[in-house]
Structures are given as structure tokens and as C-alpha cells.
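Novice: Sequence unavailable; structure follows:
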């Protein structure tokens, strides 16, 4: 079972990836990556809550595969659970990377399918300067 520290690690990877891979269509640059102008502090509290709930649900519903996946990952500067969060964001949103491309075989494929079944979500800048899903 995952504890609060584990969930924080998953969330950190997930939220970092959300800012890194998402663009701000409302700015004049025509889509600058959000992490150029925003940080975690700019995400609205309700959105932080929803993102956390998504991370909890994903790792809880896929606990055995998440643990196996973590054991298979090489060190790349992220903790294995941060990598899970990162890959969860990419996979659920149909990016060209994610669980399926980490050379983890069937476990990566199962997590890819599970993430895609949750469905896509997008982060955007509101009129108040906060980020929302």
C-alpha cells in the first residue's frame, strides 16, 4: 500500500510533467510551455486536489503493476514513483512517450492501457492567472 510520501512523489512527477508538456494557448507566443512561466504554486487549489486524487486512484488501482514497474526502472535522476507520475501524465494524454516505451514489457503495456482508460485531461491558464484542469 502506498503512503503519503509515495503519493507526493507520484504527484511531483505528474505535476512537473503537466507543466513541462503543456502549452499556454492564451499567451501571445502561440503556445509557450507552461513551465516557462508557471510553477506548482500557480495551480489552483481545486486543480491540485483533482490531480492528487487522479494519482492516488491510478497507483491504488494498479498497485502491483506500479510496484513491478518501479523495480524495473533504471535511475535517471527521478525516483521510480516520480517516473510513474511523469509517465502517467504522458500516457493518459496520448503523448508519444510514457509507460509503453520504457522497456518494461507487459507491465508497461498494462499501465499504458490503464492510463489511457482514465482518459485525457488538459491544464490551461484561467483569466485569473491560475492553472486549471
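Specialist: That came in fine, so what should we check first? This one's a predicted model, so the numbers in the text were calculated from it and none came from an experiment.
Novice: Heading C-terminal from the lowest-mean-pLDDT helix or strand in the chain, find the next helix or strand.
Specialist: Counting by mean pLDDT, DSSP states H and E, the chain has its least confident helix or strand at strand 23-24, which shows a mean of 83. Later in the chain than strand 23-24, the nearest helix or strand by DSSP states H and E is strand 32-33.
Novice: For that next one, report the contacting residues that lie outside it.
Specialist: When contacts are defined by C-beta atoms under 8 Å, 6 or more residues apart in numbering, strand 32-33 is touched by residues 19-24. The way it works is simple: take the backbone N, C-alpha and C, and place the C-beta from them, glycine included.
Novice: Pull out the buried members of those.
Specialist: 19, 21-24 (16 or more other C-beta atoms under 10 Å).
Novice: show me what contacts residue 7?
Specialist: Contacts of residue 7 by C-beta under 8 Å, 6+ apart are 52, 55-56, 59.
Novice: give me the element it is part of.
Specialist: helix 4-21.
Novice: quick one, strands of this protein?
Specialist: Counting by DSSP state E, the chain has strands at residues 23-24, 32-33, 124-125, 131-132.
Novice: For the ones you listed, give me a markdown table that also has distance to residue 105.
Specialist: Shown next, in a markdown table, are the strands of the chain (distance: least, C-beta to C-beta, whole Å):
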| stretch | distance to residue 105 |
| --- | --- |
| strand 23-24 | 32 |
| strand 32-33 | 31 |
| strand 124-125 | 35 |
| strand 131-132 | 35 |
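Novice: Nearest to residue 11 among the ones you listed would be which one?
Specialist: strand 131-132 (14.6 Å; C-beta to C-beta).
Novice: what packs against the closest one?
Specialist: Here strand 131-132 touches helix 45-61, strand 124-125, going by 3 or more C-beta pairs under 8 Å, 6 or more residues apart in numbering; DSSP states H and E.
Novice: Which residues does it contact?
Specialist: Outside strand 131-132, the residues that touch it by C-beta under 8 Å, 6+ apart are 19, 34, 38, 42-44, 46-47, 123-126.
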